[in-house]
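Trainee: sequence first, then the predicted structure:
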Amino acid sequence: MIDKATLYEALAVLVAVVAGGVAWRRFHPLSFWFGVGFPARAVWLYATWLHVASACKLTHKRRRWRISLDTVPVIGSASREAMAVVERRHLRRVEVERAPRLGIIRPSRLGWRLPIKLNDGQIPDDFAKVAERLAHAWRAHAVRVLDSKPGKVVLIATRKDPLITVAPMAPTPDDLLTVRPGVLENGRPWVIDFKTVPHWLLAGATQSGKSTLMNAIIRGLAPQPVALVGFDLKGGVELTPYADRLSALATTRATCVQLLEGLVSELTHRMADCREHGVRNVWRLPEHLRRTPIVVVVDEVAELFLMADKAEKEQVAKTATALLRVAQLGRAFGVYLIVCGQRIGSDLGPGVTALRSQLSGRVCHRVNDPETANMTLGDMDPAALDAARAIPTETPGVAIVAGSDGSWHRARSALTTEAEAETAAHAHRELTTPWAQLVRTTPRAIPDDQAA
């Protein structure tokens, strides 16, 4: 029999272990996750995988031959108690459930990564359809499906939402045309690299975080040797605070037409420079001949395409044509677009749809109408469209980010106020290139050999 002293000692040890575990988890959650949380979660996941896969309809029934033993009484036994039995073996074909085979689970800071070998006839979409069910079954925040190679998928599970709090990131002046406005759902920095993805479409309703993202982009580009050009038909109220860093700002439709014609003219000159030196883009030109990169910011693109009367029809047509030419030619010749809007729909005219096809980078915040979300993400990935429609109102700054490679992520921009962006623009106003020096509007002389 255990005496009371031994029992008290055991209880004291148990209380100390529990208290130590609670303190460990609170003050060093990451090491607790790798040391205790993940091993326990991995064992539980492997042990319950067959039941989870069956509930999510990921199993396949296969027929297998099995040997079973039957007991048969011997005829003529004297009594029931003394009845003799004989074991006979039977070969039967039975149906068994087979779950997709799990690979080696690997931990990460935010969750775990699990490769899975698909059953015959399965495709990655089968797992994408039940990703929410898997997240609930595994007590995870979210589960994403990645295609690794034929016959295999990788499930990325996050145990908690990494976008709850996002710390602001310092500007990176050394990375030309690169901005880090926040973080992705996988915990990595959200990087907007204009050299990789030159043109971006930013959609979002009021109070969705679109303006905060623009503040972060302006703050990130201000210390870099690039030129910023703004188009703001809402009277300039959105972009005027950054006027110290803008080479030009158009606030009327007539001014927009003039600035776009100047950009198209500059693109023509840069195209001729590249042709003369036998290169395909401005980044292959000698550094002393390379012109300043230009980032064009269009706030509320719908205002460029709306017409109050027929008198504005010609200006709208010129604007749409020039903006589309900038989008088509800009990547190779150092002119990049950021097009923002609360409402982006095909009802604005065919020019919007044609422009949308040239904007390979997409950012969709919470929007008020499904048409805007469909215009932003509908031509890329239906799953991204569903995720954008599910963004709650109480999470401003959360957006779906899609790149030209077809991949998409949930992301959140850090809180960057207008005052912070204005301060950065004012602090780096010496980097502003005057519009007259930025674009060459005079016709370029044609060499004699080409004229002939």
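Mentor: On my side now, so go ahead.
Trainee: from the chain's centroid, how far away is stretch 252-266?
Mentor: Its chain's C-alpha centre and that of stretch 252-266 lie 32 Å apart, by CA atoms, centre = their mean, to the nearest Å.
Trainee: my error: substitute stretch 149-157 in the last question.
Mentor: Centre-to-centre, stretch 149-157 and its host chain are 18 Å apart (CA atoms, centre = their mean).
Trainee: so which bits of that stretch are buried?
Mentor: K152, V153, V154, L155, I156, A157 (16 or more other CB atoms under 10 Å). Quick note: C-beta positions are derived from backbone N, CA and C, even for glycine.
Trainee: next, format those as JSON lines and append pLDDT.
Mentor: Formatted as JSON lines, the buried residues of stretch 149-157 follow (pLDDT from 0 to 100):
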{"residue": "K152", "pLDDT": "92"}
{"residue": "V153", "pLDDT": "92"}
{"residue": "V154", "pLDDT": "92"}
{"residue": "L155", "pLDDT": "92"}
{"residue": "I156", "pLDDT": "90"}
{"residue": "A157", "pLDDT": "91"}
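Trainee: among the residues you listed, which ones are in strands?
Mentor: Residues of the buried residues of stretch 149-157 located in strands (DSSP state E): K152, V153, V154, L155, I156, A157.
Trainee: quick check: W190 is in a strand.
Mentor: Yes: according to DSSP: H, G, I helix; E, B strand; the rest coil, W190 belongs to a strand.
Trainee: quick check, pLDDT for it.
Mentor: According to the prediction, W190 has pLDDT 90.
Trainee: spit out the contact partners of it.
Mentor: For W190, the contacting residues are R180, P181, G182, V183, L184, V401, H409, A411, R412, S413, by CB atoms under 8 Å, 6 or more residues apart in numbering.
Trainee: among these, which one lies nearest to I116?
Mentor: Using CB to CB, H409 comes nearest to I116 of the contacts of W190, at 21.0 Å.
Trainee: and the residue nearest to that closest one when sequence neighbours are not counted, what does it touch?
Mentor: Closest residue to H409 apart from its sequence neighbours, by CB to CB, 6 or more residues apart in numbering: L184 at 4.6 Å. Counting by CB under 8 Å, 6+ apart, L184 touches W190, V401, H409, R410, A411.
Trainee: what pLDDT is listed against the nearest residue to A167 once chain neighbours are set aside?
Mentor: For A167, the nearest residue in space outside its immediate sequence neighbours is A414; the separation is 6.3 Å by CB to CB, 6+ apart. Listed pLDDT for A414 reads 88.
Trainee: how close does A414 get to A424?
Mentor: Separation of A414 from A424 (CB to CB, to the nearest Å) stands at 14 Å.
Trainee: next one: H28
Mentor: As judged by CB to CB, H28 and A424 stand 36 Å apart.
Trainee: ok, those two, which is more surrounded?
Mentor: A424 (22 against 11; other CB atoms under 10 Å).
Trainee: can you tell me the element the more buried one falls in?
Mentor: Per DSSP states H and E: A424 is located in helix 418-427.
Trainee: tell me the span between the first and last residue of stretch 220-233.
Mentor: 24 Å (CA to CA, to the nearest Å).
Trainee: which parts of that stretch are buried?
Mentor: So for stretch 220-233, counting by 16+ other CB under 10 Å, buried means 220-224, 226-233.
Trainee: same list, the residues you listed, but as TSV with distance to H365 and pLDDT please.
Mentor: Output for those, formatted as TSV (distance: CB to CB, whole Å; pLDDT from 0 to 100):
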residue	distance to H365	pLDDT
G220	18	91
L221	20	93
A222	23	93
P223	26	92
Q224	25	92
V226	25	94
A227	27	95
L228	22	95
V229	24	95
G230	20	94
F231	20	93
D232	19	90
L233	21	86
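Trainee: after the helix or strand where A23 lies, which helix or strand is next?
Mentor: Element membership of A23 [criterion: DSSP H and E] is helix 4-27. Heading C-terminal from helix 4-27, the first helix or strand you meet, by DSSP H and E, is helix 29-32.
Trainee: care to break the protein down by domain?
Mentor: 39-46+84-160, 178-443 (automatic domain parsing).
Trainee: adding distance to K4, write the ones you listed out as a markdown table.
Mentor: Shown next, in a markdown table, are those (distance: least, CB to CB, whole Å):
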| stretch | distance to K4 |
| --- | --- |
| domain 39-46+84-160 | 33 |
| domain 178-443 | 50 |
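Trainee: in terms of mean pLDDT, which of these ranks lowest?
Mentor: The stretch with the lowest mean pLDDT among these is domain 39-46+84-160, at a mean of 85.
Trainee: can you give me the strands in the stretch 251-400 of the chain?
Mentor: All strands of the stretch 251-400 of the chain, identified by DSSP state E, counting those that start in this stretch, fall at 294-299, 335-341, 361-364, 398-402.
Trainee: what helices and strands are in contact with the longest one?
Mentor: Spelled out, that is strand 335-341. Applying 3 or more CB pairs under 8 Å, 6 or more residues apart in numbering; DSSP states H and E, we find strand 335-341 packed against strand 199-203, helix 210-221, helix 253-276, strand 294-299, helix 313-333.
Trainee: for Q437, find the nearest of the ones you listed.
Mentor: Proximity to Q437 (CB to CB) singles out helix 253-276 among these, at 10.9 Å.
Trainee: now that closest one: how far from the chain's centre is it?
Mentor: On CA atoms, centre = their mean, the centre of helix 253-276 falls 32 Å from that of its chain.
Trainee: what do you get for stretch 413-425?
Mentor: With CA atoms, centre = their mean as the basis, stretch 413-425 stands 22 Å off its chain's centre.
Trainee: hey, C-alpha coordinates of that stretch in PDB?
Mentor: Output in PDB follows, covering the C-alpha atoms of stretch 413-425 (Å, rounded to 0.1, in the frame of the first residue of the first chain):
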ATOM      1  CA  SER A 413      -0.300  44.600 -45.000                       C
ATOM      2  CA  ALA A 414       1.200  46.200 -41.900                       C
ATOM      3  CA  LEU A 415      -0.500  49.300 -40.600                       C
ATOM      4  CA  THR A 416       1.100  52.200 -42.500                       C
ATOM      5  CA  THR A 417      -0.600  55.600 -41.900                       C
ATOM      6  CA  GLU A 418      -0.800  58.400 -44.300                       C
ATOM      7  CA  ALA A 419       1.400  60.500 -42.100                       C
ATOM      8  CA  GLU A 420       4.200  57.900 -42.300                       C
ATOM      9  CA  ALA A 421       4.000  57.700 -46.100                       C
ATOM     10  CA  GLU A 422       3.900  61.500 -46.300                       C
ATOM     11  CA  THR A 423       6.900  61.800 -44.100                       C
ATOM     12  CA  ALA A 424       8.800  59.300 -46.300                       C
ATOM     13  CA  ALA A 425       7.800  61.200 -49.400                       C
END
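Trainee: residues near V183, how many?
Mentor: Using other CB under 10 Å, V183 is surrounded by 22 other residues.
Trainee: what sits against it?
Mentor: Counting by CB under 8 Å, 6+ apart, V183 has contacts P162, L163, V166, P189, W190, A411, R412, A414.
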